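Chemist: Compute the structure for the input listed below.
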Amino acid sequence: MQGRISEQTRQHYLDAMGIQTWFPSQILPNALPPRAFDFPEEEPVEAYKPGQLTVSSHPSSAPLSEGATGASSAKDLLGISSRVETKQDPEPATSVEQNIISEPRPIEISKFRLVTLAANEHCLVVAEMPHSGLNQFSRFHLRLLSDILRAIQLLAGSETLPFSEFVWPLGNAGLMEHLSQDDSAAADAVCAYLSNQFGLARRKVVLLFGQAAARFVIDPSRQFNDLRGLQTGLHSNQYFIVTHGLNELMKLPALKSEVWQDISPIIRELTPS
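Modeler: You can find the predicted model right below:
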């Protein structure tokens, strides 16, 4: 309704709607008794006490948890909602390490090439060569080896010495792919090769040039520097001589003094007293 209306018109509208706008301050003589107003009855609300709240059951709702019961009762008393939706607590987050399935780490396989030759009936030479490439056992390696053997009085005559190679790992052809090729298996394979092909047990002196030759003939768990020099062999009256590889000696001539310190003690052991 826009604008203002007169007081007479407003009273007419209120009278038509049955709204009484004035009340007497005192009872008038011969006046009718006042009309009684019917107000809706309300149940008295008791004061809230912790632990005394109750929840009216709902036919379509499932049983509520203990935490949801208190929340629903408070809302029912305040007249906010007759139903309370409960939320399940999320599952505790697990760390990334627990979710990742641990897998066994692959075993690192050692790769090496050994050149083996018999200097004489009592002396065996095992020299480490590069696992791959063109720099293999050449005439220069053979000449250097012959000079070392003559220096310790273990070679006399021609430099022509037949040799054979042992390469590890053995490969994945056939049944070999199912066999273990860790360091322990490599040491067993090298010893079996030297025993079957060169009669390791009857060799009185075994010269081991290079780390792979020393470790996989004596003990793969030991360090090369701990094995250098004169060692007791695997069999009775047998000696192992461990020193730098032939390739290292050719590239670094300054190592000759260390090589001589490693191999010279065998002269005293082989010289009859």
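
Chemist: So for F112, what's the pLDDT?
Modeler: Per-residue confidence (pLDDT) for F112: 93.

Chemist: sec struct for the closest residue to it other than its chain neighbours, please.
Modeler: In this structure, F112 finds its nearest non-sequential neighbour in A212, 3.7 Å apart by C-beta to C-beta, 6 or more residues apart in numbering. Where you see a C-beta, it was placed from the backbone N, CA and C, and this is true even at glycine. Secondary structure state of A212, per DSSP: H, G, I helix; E, B strand; the rest coil, is helix.

Chemist: hang on, isn't A212 packed against E128?
Modeler: Yes. The criterion here is C-beta atoms under 8 Å, and A212 meets it with E128 at 4.4 Å.

Chemist: Can you get me a residue count around the residue nearest to F112?
Modeler: Neighbour count of A212, defined by other C-beta atoms under 10 Å: 26.

Chemist: got a pLDDT number for it?
Modeler: At A212, the pLDDT recorded in the model is 96.

Chemist: Need the residues touching each of A212 and E128.
Modeler: Residues touching both A212 and E128 (C-beta atoms under 8 Å, 6 or more residues apart in numbering): F112, L114.

Chemist: which ones are touching the residue nearest to F112?
Modeler: By C-beta under 8 Å, 6+ apart, the contact list for A212 reads S110, F112, L114, E128.

Chemist: how close does it get to A254?
Modeler: With distances taken as C-beta to C-beta, to the nearest Å, A212 is found 22 Å from A254.

Chemist: Then F198?
Modeler: When F198 is compared with A254 (using C-beta to C-beta), they lie 32 Å apart.

Chemist: the more surrounded of the two?
Modeler: F198 (18 against 7).

Chemist: I'd guessed the more buried one sits against L114; true?
Modeler: No. Contact between F198 and L114 fails when scored by C-beta under 8 Å: they sit 11.4 Å apart.

Chemist: what about E128, helix or strand, and which?
Modeler: Using DSSP states H and E, E128 sits in strand 123-129.

Chemist: Same check on R113?
Modeler: Counting by DSSP H and E, R113 is found in strand 112-118.

Chemist: What lies in contact with that strand?
Modeler: Residues from elsewhere that reach strand 112-118 (C-beta under 8 Å, 6+ apart): 124-132, 136-137, 141, 145, 161-168, 186, 190, 193-194, 197-198, 203, 212-213, 216.

Chemist: Helices of the stretch 51-200 of the chain, start to end?
Modeler: Secondary structure of the stretch 51-200 of the chain (DSSP state H, counting those that start in this stretch): helices located at 66-78, 96-99, 139-151, 183-198.

Chemist: Of the ones you listed, which shows the lowest average pLDDT?
Modeler: When these are ranked by mean pLDDT, helix 66-78 comes last with a mean of 49.

Chemist: what's the distance between R228 and H244?
Modeler: R228 sits 8 Å away from H244, going by C-beta to C-beta.

Chemist: Could you do L154 as well?
Modeler: 18 Å.
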